[in-house]
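Okay, structure incoming, though there's no sequence with it:
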């Protein structure tokens with residue numbers, strides 16, 4: 001610890017306990033930091049142009065930089081550089097009272113944690129001092145390396161690039177009048193969906209402009225120059241305007257440089273204090289203008305241009321992350337901390353301002369810290385189709401979706417490929433596609449509840465963001481295209497597992513295009529995504545549902561939409577298919593995990609059990625049943641509807657998640673379903689969803705028929721035959737196993 005730090009050793013439990021370096025008061029401190037700029041009872045500064053406000057905003061920016069570097073240095077791990085170049089902007093937003101800040105950049109996590117520490121939000125998780133913050137950084141039950149919605153005061157997770165704007169737009173849609181800034185790194189501008197998603201959202205919801213894109217333009221990505229680093233300022237403004245932004249406010253640190261730095265990107269912390277204050281004034285005044293514009297009905301972006309790593313241990317991509325050698329005793333880390341060190345009394349000023357910003361600690365004031373009230377959902381009217389009748393599963397579900405939309409005006413359905421293409425036009429008929437061009441022929445209306453950008457990322461992002469922020473939503477897609485949007489659902493599912501509040505589950509429905517899209521060929525035949533969410537079943541809050549018919553899908557959707565803090569994924573067909581279960585049997589199948597859809601009355605050669613995920617794939621299974629019964633075999637066909645319930649409790653991390661569900665089918669009922677001489681698992685997709693059955697079965701002989709690869713075919717039957725999923729092949733394999 002430095003000599004200055006020893007002289008100013010704070011008292012026990014002082015929040016400053018653990019700060020390793022203190023500095024001297026800046027010139028003008030007595031004049032501009034005599035009292036906090038955000039006074040008692042206030043939630044923001046009175047005037048961003050007030051010299052005291054500018055001075056104290058810069059103090060806050062350096063406090064954020066200091067904490068970011070010391071906390072990451074404590075573990076020789078983490079990412080200080082990207083946030084460092086955003087410090088003035090982040091501090092200014094908080095001083096202006098705009099604390100509903102989300103980010104696209106998971107690497108800014110230590111800076112966001114520093115802000116939550118200074119506003120006292122982290123006290124909710126027992127972090128009261130800098131020493132405690134360092135101890136729990138990047139540790140279990142602490143401050144994980146990338147943002148999580150479980151951290152008090154933080155609105156949303158941040159990990160994969162290209163996601164943060166969805167949370168900002170969802171928040172803006174649900175909370176008019178509240179500004180949702182979203183910081184975006186220029187490294188993440190390489191993701192193609194960021195501006196595209198905001199442009200489509202603005203076209204569909206032109207009145208919702210209370211989200212503010214804040215580009216941290218620092219010239220670098222994770223390990224190299226960013227792909228937009230060579231744009232001029234005018235070109236950058238034009239880039240945003242070309243995506244529909246009516247107002248673009250750009251502040252370039254280069255314009256304030258009096259230190260002679262070369263290059264387009266400069267480090268403002270090397271300027272003289274007067275020029276640093278001028279730059280900070282431009283940032284806070286620019287953000288105030290941008291915020292007023294966004295809240296006033298104009299789609300607005302703010303761009304701050306400053307070298308990556310400004311004010312920490314180094315600059316450029318080399319500042320992006322620390323390695324084990326970058327510890328607090330290393331000269332380059334010590335020098336970086338000492339340059340940013342503040343006097344003890346300055347920390348008091350920063351703490352007072354930030355804990356008052358926005359009306360109090362974010363952990364107590366931001367909208368995601370309480371359950372959002374949503375419209376009550378009464379009983380959904382279901383149409384019971386007779387067993388043996390033919391009905392379209394997706395259409396049957398669509399009727400219920402329409403009822404949910406009528407009951408809940410905030411409910412949004414998203415679909416990139418079109419509901420009509422999935423035999424769900426009844427959703428469009430009832431809820432209308434949201435579009436500025438009203439057209440009855442195409443079910444378009446400016447106030448519609450169906451959001452249809454031709455971009456699965458945008459569809460999944462808005463639906464997942466709405467669900468995470470507390471509202472009902474539904475993402476519809478072909479399973480073949482869903483992989484393009486699934487990463488944000490995975491992110492949100494994990495966040496929901498950690499949340500300290502209840503929120504509606506994110507519900508998805510994928511039409512099983514692999515078997516139905518024969519003539520389109522392999523481009524429309526990619527059911528491998530089912531392996532993705534099958535693997536996630538073990539997380540504890542992810543449930544792939546495979547309703548076997550039009551009755552079962554209604555029960556599955558009703559079950560999913562009433563659940564909380566989970567990811568519910570329904571996979572079903574859009575073709576007319578036989579009905580096997582009554583509504584009551586379907587309810588039992590959802591609760592138990594599986595149900596018998598057929599069992600032979602006689603047979604003396606042994607029992608063959610088919611465990612089946614899917615609906616259309618039951619057609620060849622019943623053909624196999626006919627062949628086997630004709631030769632004296634007893635056959636039981638079991639629809640595996642909710643495989644998560646078929647695991648053993650020890651297989652799943654059910655007790656580690658919010659809203660835990662510890663219902664698993666017991667051994668007696670499991671074996672009553674699946675015991676036989678031969679068990680064949682059958683899937684029109686991959687075999688992964690059948691894992692819980694294969695783990696627990698006592699059948700002495702077993703095998704699996706599942707998807708292999710796509711091909712252009714004239715019919716689903718031909719495609720199934722190409723993959724070896726035929727009644728003849730299954731019957732032959734069952735007999736071979738038995739013998």
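Everything's here; your move. Everything numeric in this text was worked out from a predicted model, so none of it was measured.

Outline the domain layout of the chain.
3-369, 390-738 (automatic domain parsing).

quick one: terminal-to-terminal distance for the last one?
Using Cα to Cα, to the nearest Å, one end of domain 390-738 lies 34 Å from the other.

As a check, name the ranges of all strands in the stretch 601-739 of the chain.
Listed in chain order, the strands of the stretch 601-739 of the chain (DSSP state E, counting those that start in this stretch) span 607-613, 634-640, 678-683, 701-705.

Export those as a markdown table, with columns for mean pLDDT.
Below are the strands of the stretch 601-739 of the chain laid out as a markdown table (pLDDT from 0 to 100):
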| stretch | mean pLDDT |
| --- | --- |
| strand 607-613 | 98 |
| strand 634-640 | 98 |
| strand 678-683 | 98 |
| strand 701-705 | 97 |
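
Packed most tightly, which of these would that be?
strand 607-613 (a mean of 27; mean count of other Cβ atoms under 10 Å). (Each C-beta comes from the backbone N, C-alpha and C, glycine too.)

who's in contact with residue 593?
Taking Cβ atoms under 8 Å, 6 or more residues apart in numbering as the criterion, residue 593 is in contact with 640, 641, 642, 643, 644, 645, 646, 664, 665, 692.

do you know how far the second one is from residue 535?
Translated: residue 641. In this view, residue 641 and residue 535 are 19 Å apart by Cβ to Cβ, to the nearest Å.

Looking at these two, which is more packed in?
Ranked by neighbour count (other Cβ atoms under 10 Å), residue 641 and residue 535 place residue 641 first, with 29 against 13.

Nearest residue to that one in space, please, no chain neighbours.
Counting by Cβ to Cβ, 6 or more residues apart in numbering, residue 589 is the residue found nearest to residue 641 once chain neighbours are left out, at 4.3 Å.

you'd agree that neighbour is in a helix?
Yes - under DSSP: H, G, I helix; E, B strand; the rest coil, residue 589 falls within a helix.

what about residue 258, neighbour count?
Other residues close to residue 258 by other Cβ under 10 Å number 12.

hmm, back to that, list just the nearest of the contacts of residue 593 to residue 147.
Proximity of the contacts of residue 593 to residue 147 (Cβ to Cβ) peaks at residue 644, which lies at 27.3 Å.

and that closest one, what pLDDT?
Looking at residue 644, its pLDDT stands at 98.

Kindly reformat the strands of the stretch 601-739 of the chain as CSV containing distance to residue 80.
Below are the strands of the stretch 601-739 of the chain laid out as CSV (distance: least, Cβ to Cβ, whole Å):
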stretch, distance to residue 80
strand 607-613, 47
strand 634-640, 48
strand 678-683, 47
strand 701-705, 49
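
Which positions are bridged to residue 570 in the beta structure?
residue 509, residue 545 (DSSP bridges).

For it, which residues are in contact?
With Cβ under 8 Å, 6+ apart, residue 570 has these contacts: 397, 507, 508, 509, 510, 545, 547, 553, 556, 557, 560.

contacting residues for the third one?
Same thing as residue 508. So residue 508 contacts 460, 463, 474, 475, 476, 477, 482, 489, 567, 568, 569, 570 (Cβ under 8 Å, 6+ apart).

Go again with 10 Å.
414, 459-460, 463-464, 473-477, 479, 482, 485-486, 489, 533, 544-545, 560, 567-571 (Cβ atoms under 10 Å, 6 or more residues apart in numbering).

picking up where we left off before, okay, and which of the contacts of residue 593 map to helices?
Counting by DSSP state H, these place residue 692 in helices.

With respect to residue 60, which of the contacts of residue 593 is nearest?
Closest to residue 60, out of all of the contacts of residue 593 and judged by Cβ to Cβ, is residue 644, at 46.2 Å.

I'd like to know how far that closest one sits from residue 492.
18 Å.

repeat for residue 642
21 Å.

likewise residue 357?
Taking Cβ to Cβ, one finds residue 357 at 27 Å from residue 492.

and residue 726, how far is that from residue 717?
Residue 726 sits 8 Å away from residue 717, going by Cβ to Cβ.

Make sure I have this right: residue 476 is in a strand.
Yes - secondary structure assignment places residue 476 in a strand (three-state DSSP).

Drop anything exposed from the contacts of residue 593.
Those of the contacts of residue 593 that meet the buried threshold are 640, 641, 642, 643, 644, 645, 646, 664, 665, 692, by 16 or more other Cβ atoms under 10 Å.

Would you reformat these as JSON lines and include distance to residue 451?
Formatted as JSON lines, the buried ones among the contacts of residue 593 follow (distance: Cβ to Cβ, whole Å):
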{"residue": "640", "distance to residue 451": "32"}
{"residue": "641", "distance to residue 451": "29"}
{"residue": "642", "distance to residue 451": "28"}
{"residue": "643", "distance to residue 451": "30"}
{"residue": "644", "distance to residue 451": "28"}
{"residue": "645", "distance to residue 451": "32"}
{"residue": "646", "distance to residue 451": "34"}
{"residue": "664", "distance to residue 451": "36"}
{"residue": "665", "distance to residue 451": "37"}
{"residue": "692", "distance to residue 451": "34"}
